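# Predicted model and sequence below, questions to follow.
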Amino acid sequence: MISAENLFFTYPKTSPLFESFSFRIKAGGIYGLLGLNGAGKTTLMRLMAGLLFPQSGNCNFMGKPSSERHPVQLAECYLVPEQFSLPDLSITGYLRLVAPFYPKFDEAFFEEAISLWGLDRNQQLSQLSFGQHKKMLLAFAFALNTKLLLLDEPTNGLDIPGKSQFRKLLAGLDTSERCILISTHQVRDVGQQLDHLLVLKNGSMVVSDSLANLSSNWHCTVLQESERDRAVYAEKQLGGYRAVVPAASDTAPETEFDLELFFNAAIHEPAAFSTTLYAKSTV
Ligand SMILES: Nc1ncnc2c1ncn2[C@@H]1O[C@H](COP(=O)(O)OP(=O)(O)OP(=O)(O)O)[C@@H](O)[C@H]1O
């Protein structure tokens, strides 16, 4: 579905963000893209969407470089950025302006989603708050049915019920033929919805695997001081450690996979994941 081959990208007058960067993700499912601030998540999404161009190598979508911005690619890819400005139109006016570029737009779904979020199509965008803009844009993005949907920090700005409605909408989408990529720091907002995990660090994917594989290969567990050396990564807590251990070495009952703990493990001990069988991309 989307891949990069030997991609090199740098902003002017800074050190390169990506050098010989390669990765591949297949259609089918919801991908979480995690990384520290400045890791390059937004840049990568913009490269995928053809909004930034690599200096060498390619980011390919639907078999062509995204930088070609071929109409077939543009009709199948949509990015909801973290920050945006919308034209001074009604919601209906916005649909009339933008929806025609997306042949699979499902207006009934859009209508249902905005009403779930307490919006109606006669409202003027200039009279809505940032969170309401975000709800409108997310409803629009979900209704487009594009093969690739890129959501950059989608839950930022949503109120508490808005976040759970976001999860409900996401869970109701058929993602078997499409790929939804969510960049987020709010893993608690979307963690349950993710099928695959990507962790970006220092210009490479230190983790690229399905959550099913990760949680069957790694356990998040509590260890005592005497068991500390079983962990690839551990965080001290009252009376012991919260730890990530290889599942094969763990006889304790499986605990819930803790995405935040696993992310910290991947950031602090990337070699533990990238040099083992578990880290090989199966997605
Ligand atoms: N237009 C730009 N010009 C120069 N440098 C930039 C530009 N945009 C981003 N950068 C730099 O590129 C790096 C990656 O930025 P990017 O926004 O892709 O990271 P991110 O992983 O999305 O970060 P965050 O989690 O903070 O949103 C950062 O060091 C940032 O300062």
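Arrived safely. Numbers count the residues shown, from 1 in each chain.
# from here on, contacts and neighbour counts on C-alpha atoms
Will do.
# count of neighbours near the residue of the stretch 51-200 of the chain found nearest the ligand?
Relative to the ligand, the nearest point of the stretch 51-200 of the chain is His185 (7.1 Å; Cα to the nearest ligand atom). Using other Cα atoms under 10 Å, the number of residues around His185 comes to 19.
# check contacts around it.
Residues in contact with His185 (Cα atoms under 8 Å, 6 or more residues apart in numbering) are 34-35, 153.
# Keep only these that also lie close to the ligand.
Gly35 (Cα under 6 Å from any ligand atom).
# Neighbour-wise, give me the winner out of the contacts of His185.
Most surrounded of the contacts of His185: other Cα under 10 Å gives Leu34, at 25 neighbours.
# which SSE is the closest residue in space to it that isn't next to it in sequence in?
The shortest distance from Leu34 to any non-neighbouring residue, by Cα to Cα, 6 or more residues apart in numbering, is to Val199 (4.8 Å). According to DSSP states H and E, Val199 maps onto strand 196-201.
# So what are the sheet partners of the helix or strand that that strand is followed by and their directions?
Moving toward the C-terminus from strand 196-201, the next helix or strand (DSSP H and E) is strand 204-210. Strand 204-210 has the following strand partners under DSSP bridges: strand 196-201 (antiparallel).
# Indicate whether the host helix or strand of Leu7 makes contact with the ligand.
Element membership of Leu7, judged by DSSP H and E, is strand 2-9. No. On the criterion Cα under 6 Å from any ligand atom, strand 2-9 is out of touch with the ligand, staying 9.9 Å away.
# any idea of the mean pLDDT in stretch 161-169?
Across stretch 161-169, pLDDT averages out at 95.
# so of the contacts of His185, which ones are in helices?
Nothing among the contacts of His185 maps onto helices, per DSSP state H.
# out of the contacts of His185, which are inside strands?
Leu34 (DSSP state E).
# quick one: which of the contacts of His185 is nearest Leu79?
Here the nearest of the contacts of His185 to Leu79, counting by Cα to Cα, is Glu153; it sits at 11.0 Å.
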